[in-house]
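S.K.: A structural model of the following input is requested.
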Amino acid sequence: MLKRILSGMLLLSLLISPAIALGVQDVPLGKWWHNPQVSKQMNLNKDEIRKLDENYLESRRKLIDLKSRVERERFELENLLERETLDETAVMEQFRRVESARNRLATERFSFLVQVRKILGFERYQNLKMLFDRFRHQKRRQMTERPVQKK
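M.R.: As a prediction, the model looks like this:
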């Protein structure tokens with residue numbers, strides 16, 4: 001389960017990273033296809049951009065609700081754990097609810113990724129992955145090259 005969640009998060013970061021990689025600050029986080037450089041490199045047409053926007057909006061609305069659900073379920077779990085008398089059955093049931101909510105969240109993130117893959121097709125999707133890899137390597141290089149500031 002944790003592996004699926006981490007995979008979903010990695011893939012979602014794959015989708016938002018190219019805009020960050022190119023240093024574009026005015027493009028909303030997550031809408032990498034609005035970056036003119038990325039859009040051109042990915043050879044996106046207006047219809048594909050419209051579809052990406054529609055899928056993004058639908059997915060974001062769901063993600064907001066699902067994230068809220070995860071937080072509510074976590075809160076309830078914490079509440080059960082902080083009681084003086086531990087009800088192990090209730091705690092375990094609430095833990096299952098938390099995991100179920102996390103799974104629904106990860107599934108929605110992955111669903112958006114699948115929609116992007118369908119819109120881009122195989123070759124452009126591979127190109128997007130390549131952009132992400134370049135960004136990741138640049139980021140690592142920047143992290144190792146930063147001088148340590150003394151206070």
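S.K.: only C-alpha atoms for contact and neighbour calcs from this point on.
M.R.: Will do.
S.K.: the helices in this protein, which residues?
M.R.: Taking DSSP state H as the criterion, the chain carries its helices at 2-21, 36-41, 46-82, 88-145.
S.K.: between these, which gets nearest to Gly30?
M.R.: helix 2-21 (4.3 Å; Cα to Cα).
S.K.: pLDDT below threshold where in this structure?
M.R.: 1-29, 147-151 (pLDDT under 70).
S.K.: If we use 50, what do you get?
M.R.: By pLDDT under 50, the weakly predicted segments of the chain are 5-28.
S.K.: hmm, back to that, which one of the helices of the chain has the most crowded surroundings?
M.R.: Stretch with highest mean neighbour count among the helices of the chain: helix 2-21 (a mean of 18; mean count of other Cα atoms under 10 Å).
S.K.: that older thread, mind putting the helices of the chain into TSV with distance to Gly30?
M.R.: Below are the helices of the chain laid out as TSV (distance: least, Cα to Cα, whole Å):
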stretch	distance to Gly30
helix 2-21	4
helix 36-41	12
helix 46-82	8
helix 88-145	11
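S.K.: measure Arg140 to Thr89 for me?
M.R.: The spacing between Arg140 and Thr89, counted by Cα to Cα, to the nearest Å, is 45 Å.
S.K.: Same question for Trp32.
M.R.: From Trp32 over to Thr89 the distance is 45 Å, taken as Cα to Cα.
S.K.: And for Asn55?
M.R.: Summarising the geometry, the distance separating Asn55 from Thr89, computed by Cα to Cα, is 40 Å.
S.K.: what do you get for Val38?
M.R.: Val38 is 51 Å from Thr89, where distance means Cα to Cα.
S.K.: contacting residues around Ser59?
M.R.: With contact taken as Cα atoms under 8 Å, 6 or more residues apart in numbering, Ser59 is in contact with 108-109, 112.
S.K.: And for Ile49?
M.R.: The contact partners of Ile49, taken as Cα under 8 Å, 6+ apart, are 33-34.
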